[in-house]
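Enquirer: what would the 3D arrangement of this be:
(one chain, ligands or ions: 2)
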Amino acid sequence: MKWFKQTVFYEIYIKSFADGNGDGIGDFPGLTERLDYLAELGIGGIWLTPFYPSMQVDNGYDVSDYCAVDPLYGTLADFKVFLAEAKKREIRVVIDMVLNHTAINHRWFTEHPDYYIWKERPNNWTSFFGGSAFQFDEKREQYYYHSFAKEQADLNWANPAVKEEIKQVLKFWLALGVDGFRFDVINNLTLDLAFPDNPVDELGEVLHKFDKDQPGIDGVMAELAAFCRDLRPDVFLVGEISSDELPEIARYSRPELLDVTFNFNFGSIETFTPEKLFQELVAMEKALPDGQMPTLFFGSHDMGRSFSRLAGQNLPLAELLAFIILTARGVPFIYNGEEAGMTDLTFADVSEMADIQGIMAYEQAVGKGETKQEALFAANQKTRDKARGPMIFADGKAFSATGKAWLKQNQEPEEKVHAIFAYYQELLAFRKAAAYVTEPYTSLQLKEACLTYQRGNYYFVANFSERWQMTAPPNGRLVFGQEEQGGIAPLSGAIYLMEEENENCK
Ligand code: GLC
Ligand code: CA
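Expert: Ligands and ions are numbered 1, 2, ... in the order given. Prediction:
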């Protein structure tokens with residue numbers, strides 16, 4: 001059994017997690033100090049966002065050197081201490097690999113321009129952050145391609161030398177002992193090199209057709225995966241596929257490609273209904289090849305916080321969402337702060353924002369003649385800063401001892417923080433002890449806003465309605481949650497252990 005199948009992952013946005021030296025920016029010494037907190041919470045793996053030297057235009061997703069640590073976060077020695085301390089606590093570490101592009105101050109950009117993509121003339125392709133995906137280079141008198149910010153130049157994966165360079169990078173980190181990689185926008189690596197214009201929809205929006213999922217992508221992915229697995233057979237590979245379309249996401253989750261891919265079809269939904277959730281759970285079971293697991297999450301550094309976005313700041317509903325990701329079939333990812341019920345940040349002025357996506361939304365709105373207020377509204381919608389605020393810890397310790405913070409900080413009511421942390425902790429402990437984690441569904445149903453499923457001998461009820469529900473199984477013994485005479489409390493989850501002799505009774 002591959003270890004990741006039993007692991008609950010926890011995404012750490014390093015800049016906002018724990019500041020050890022008091023400069024207001026999260027760092028490795030701070031993070032290492034917080035490993036006990038994570039062990040107490042009960043997670044088994046960390047996905048760490050990029051910590052490499054960077055221009056910080058896209059907060060580390062613009063890498064200037066793949067084999068070093070940005071001085072903002074400490075040193076490579078600090079990283080090694082962190083890794084060793086995580087291992088002591090049986091916490092695995094998965095690091096982010098941004099292989100689609102580098103920062104333009106990466107030495108490759110000047111020393112090996114053929115590692116990048118150059119064109120005499122731009123076509124209509126747009127950057128995922130908005131605007132043209134081509135930037136003119138004065139020296140070369142050509143345009144380079146950037147699918148994100150203009151400081152993030154796309155690597156040319158058609159050049160075999162790029163693949164070889166990146167393999168050395170993967171080898172470097174595997175040799176240090178990391179347990180896996182999160183591959184950033186990994187389906188974007190290959191392009192249609194004839195550069196046909198992308199189609200445009202009715203609203204005038206340029207669609208991403210020829211700039212992702214292009215022929216050859218499976219081969220590249222398989223080669224990178226095989227390279228990693230040769231060096232470390234139990235390496236965990238999770239892919240970010242830049243899409244929320246399930247078929248596109250599911251197709252890269254295959255034994256010879258990636259262990260799992262992020263299911264944005266489920267995790268990044270904008271509004272929550274039990275029906276939508278149920279449909280996506282069913283759809284993932286159908287879409288994924290046999291034996292492949294979906295990923296289960298409702299938050300990340302790229303979307304609004306689930307406590308605001310989906311739970312409407314309602315504590316029982318937030319707990320119920322946690323219940324789903326920790327009990328449904330899949331590999332859960334908790335985003336740091338979810339276990340404290342952290343809410344979205346809102347910004348009173350664009351100058352308070354750091355995320356390029358929010359700032360670009362502001363500039364584009366102003367450019368279209370919108371008022372400052374309208375532009376600020378658009379920027380607040382788009383900015384990913386809303387979910388990137390400094391961490392709130394349930395033990396009351398601050399993100400930074402000096403009180404400084406690189407981004408605005410929210411205050412959250414202490415009782416809420418404690419309540420939701422305790423819930424995560426209890427459920428994580430239960431999950432670890434119970435034998436359902438790798439079991440398939442033998443039933444999966446939605447009735448009157450009550451989602452029920454059976455896995456192995458465990459029967460789960462997620463009551464999304466506002467009233468007590470009589471959906472307890474007749475032969476089950478309550479092992480988690482609240483029940484009254486066979487009824488399950490409104491907006492709550494319950495788990496039953498089915499008695500042996502009734503195993504076949506569903
Ligand atoms: C991924 C990251 C996001 C980043 C983008 C470009 O989507 O999660 O934060 O901006 O890739 O690297
Ligand atoms: Ca710091």
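Enquirer: and the residue nearest to Lys432 when sequence neighbours are not counted, how many residues sit next to it?
Expert: Leaving out its chain neighbours, the residue that sits closest to Lys432 by Cβ to Cβ, 6 or more residues apart in numbering is Gly42, at 6.6 Å. Yep, even glycine has a C-beta here, placed from its N, CA and C like the rest. The number of residues packed near Gly42 is 19, by other Cβ atoms under 10 Å.
Enquirer: what of Trp118?
Expert: Using other Cβ under 10 Å: Trp118 sits among 16 other residues.
Enquirer: for Ile495, same thing?
Expert: 23.
Enquirer: and if you look at the one 4 residues further on?
Expert: Here the number of neighbours of Glu499 (other Cβ under 10 Å) works out to 14.
Enquirer: ok, now Val200?
Expert: For Val200, using other Cβ under 10 Å, the count is 12.
Enquirer: report pLDDT for Glu484.
Expert: Glu484 carries a pLDDT value of 87.
Enquirer: quick one: it and Met470 touch, right?
Expert: No: with contacts counted by Cβ atoms under 8 Å, Glu484 stays clear of Met470, the gap being 10.0 Å.
Enquirer: quick one: contacts for the residue nearest to Lys432?
Expert: Neighbouring residues of Gly42 by Cβ atoms under 8 Å, 6 or more residues apart in numbering: Val8, Tyr424, Gln425, Leu428, Ala429, Lys432.
Enquirer: hmm, which two among those residues are most spread apart?
Expert: Tyr424 and Lys432 (12.4 Å; Cβ to Cβ).
Enquirer: more neighbours: which of the two?
Expert: Tyr424 (24 against 12).
Enquirer: show me the contacts for that one.
Expert: Leu41, Gly42, Ala322, Leu326, Ile334, Glu338, Glu339.
Enquirer: swap in 7 Å and give it another go.
Expert: Contact analysis of Tyr424 by Cβ atoms under 7 Å, 6 or more residues apart in numbering lists Leu41, Ala322, Glu339.
Enquirer: Tyr116 pairs with what?
Expert: Leu155 (DSSP bridges).
Enquirer: how many other residues sit next to it?
Expert: Look at Tyr116: counted by other Cβ under 10 Å, it has 24 neighbours.
Enquirer: doesn't Asp385 belong to a helix?
Expert: Yes: under DSSP: H, G, I helix; E, B strand; the rest coil, Asp385 falls within a helix.
Enquirer: ok, now how distant is Met293 from Phe333?
Expert: 12 Å (Cβ to Cβ, to the nearest Å).
Enquirer: which positions within stretch 223-243 qualify as buried?
Expert: 224-225, 227-228, 232, 235-243 (16 or more other Cβ atoms under 10 Å).
Enquirer: and that stretch, average pLDDT?
Expert: Rounded mean pLDDT across stretch 223-243 is 98.
Enquirer: and what of stretch 423-434?
Expert: 97.
Enquirer: ok, residues contacting the one helix or strand in the chain whose mean pLDDT sits lowest?
Expert: Lowest mean confidence among the helices and strands of the chain (mean pLDDT, DSSP states H and E): strand 483-484, at a mean of 88. Outside strand 483-484, the residues that touch it by Cβ under 7 Å, 6+ apart are Trp468, Ala472, Ala494.
Enquirer: run me through the strand neighbours of the helix or strand hosting Gln445, direction for each.
Expert: Element membership for Gln445, per DSSP states H and E: strand 441-447. Strand pairing for strand 441-447, determined by DSSP bridges: strand 450-455 (antiparallel).
Enquirer: paired strands for the helix or strand that the strand it pairs with is followed by, with orientation please.
Expert: Later in the chain than strand 450-455, the nearest helix or strand by DSSP H and E is strand 458-463. Note on strand 458-463: by DSSP bridges, its sheet partners are strand 450-455 (antiparallel), strand 492-498 (antiparallel).
Enquirer: tell me where the stretch 51-200 of the chain has helices.
Expert: With helices called from DSSP state H, counting those that start in this stretch, the stretch 51-200 of the chain shows them at 76-88, 107-111, 160-176.
Enquirer: which one of these lies nearest to ligand 1?
Expert: With respect to ligand 1, and counting by Cβ to the nearest ligand atom, the nearest of those is helix 160-176 at 14.9 Å.
Enquirer: could you chop this protein up by domain?
Expert: Annotated domains of the chain cover 7-347+383-433, 348-382, 441-498 [automatic domain parsing].
Enquirer: nearest to ligand 1, out of the ones you listed?
Expert: domain 7-347+383-433 (3.4 Å).
Enquirer: quick one: end-to-end length of that closest one, please.
Expert: End-to-end distance for domain 7-347+383-433: 12 Å, by Cα to Cα, to the nearest Å.
Enquirer: go ahead and flag the most central residue of the protein.
Expert: Closest residue to the average C-alpha location of the chain: Ser300 at 4.4 Å, with Cα atoms, centre = their mean.
Enquirer: next one: the longest helix anywhere in the chain to chain centre, how far?
Expert: Ranked by number of residues, the top helix in the chain under DSSP state H is helix 414-433. Here the centre of helix 414-433 is set off from its chain's centre by 21 Å, with Cα atoms, centre = their mean, to the nearest Å.
Enquirer: then stretch 372-383?
Expert: Between the centre of stretch 372-383 and the centre of its chain there are 24 Å (Cα atoms, centre = their mean).
Enquirer: tell me if that stretch is near ligand 1.
Expert: No: Stretch 372-383 is not in contact with ligand 1 by Cβ under 6 Å from any ligand atom; minimum separation 12.0 Å.
Enquirer: now do the buried residues in that stretch.
Expert: Buried residues in stretch 372-383 (16+ other Cβ under 10 Å): Ala375, Leu376, Ala378, Ala379, Asn380, Lys382, Thr383.
Enquirer: residues in contact with the first one?
Expert: When contacts are counted by Cβ under 7 Å, 6+ apart, Ala375 touches Tyr362, Ala365, Val366.
Enquirer: which strand residues bridge Tyr441?
Expert: Applying DSSP bridges, one finds that Tyr441 bridges with Arg455.
Enquirer: pLDDT value on it, please?
Expert: At Tyr441, pLDDT is 97.
Enquirer: list the contacts of it.
Expert: Contacts of Tyr441 by Cβ under 7 Å, 6+ apart are Glu285, Arg329, Tyr453, Gln454, Arg455.
Enquirer: surely the last one is in contact with Thr438?
Expert: No: the pair Arg455 and Thr438 fails to qualify as a contact (Cβ atoms under 7 Å) at a distance of 8.8 Å.
Enquirer: can you pull the residues of the stretch 1-150 of the chain lying near ligand 2?
Expert: Residues of the stretch 1-150 of the chain lying close to ligand 2 (Cβ under 5 Å from the ion) are Asp19, Asn21, Asp23, Ile25, Asp27.
Enquirer: quick one: Tyr66 and Leu170, what's the gap?
Expert: 9 Å.
Enquirer: er, Gln313 actually
Expert: 41 Å.
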